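Colleague: The following comprises the amino acid sequence and a computationally predicted model.
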Amino acid sequence: MVLHRCGWRVVYLGADTPVADLGRTIEEIGPDTVVLAAVDAQRFRQAMPDLGTLSRAVPLRLAGAGATREVADAIGATILAGDPVTEAQRLVPPNRTSGWSP
């Protein structure tokens, strides 16, 4: 919701979306970035090969307690380490030149 309020067009795919479905959705929609969140790093580790492929197709951002520097570096992703509101405000939508302002 915060990303949407900051000017991003958001497509929410829900929890437990298979990576193959995510890849097809990326091909269909052509997003400017993809944000994935997990509370357990094992969720990202299990999907590292596929996530590495995704990160070569579109900028990939990892969020939540499961987002670790180790995984992000291995797959070529960026960590959104702060609280969700702050991180959403730091991301600049492609049609704007600065972050969100109230």
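Modeller: All right, it came through fine. Numbers count the residues shown, from 1 in each chain.
Colleague: When you work out contacts or count neighbours from here on, use the C-alpha atoms and nothing else.
Modeller: Noted.
Colleague: so where is this protein shaky, pLDDT-wise?
Modeller: Where the chain drops to pLDDT under 70, the residues are 92-102.
Colleague: what about the helices in it?
Modeller: Defined through DSSP state H, the helices belonging to the chain, from first to last, are 2-5, 19-29, 41-46, 48-57, 69-75, 84-90.
Colleague: Now distance to Tyr12 and mean neighbour count too, for these, in JSON lines please.
Modeller: Putting the helices of the chain into JSON lines (distance: least, Cα to Cα, whole Å; neighbours: other Cα atoms under 10 Å) gives the following:
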{"stretch": "helix 2-5", "distance to Tyr12": "11", "mean neighbour count": "15"}
{"stretch": "helix 19-29", "distance to Tyr12": "11", "mean neighbour count": "13"}
{"stretch": "helix 41-46", "distance to Tyr12": "18", "mean neighbour count": "16"}
{"stretch": "helix 48-57", "distance to Tyr12": "17", "mean neighbour count": "16"}
{"stretch": "helix 69-75", "distance to Tyr12": "21", "mean neighbour count": "16"}
{"stretch": "helix 84-90", "distance to Tyr12": "15", "mean neighbour count": "16"}
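Colleague: possible to save these as CSV with distance to Leu13?
Modeller: Formatted as CSV, these follow (distance: least, Cα to Cα, whole Å):
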stretch, distance to Leu13
helix 2-5, 14
helix 19-29, 8
helix 41-46, 16
helix 48-57, 15
helix 69-75, 21
helix 84-90, 18
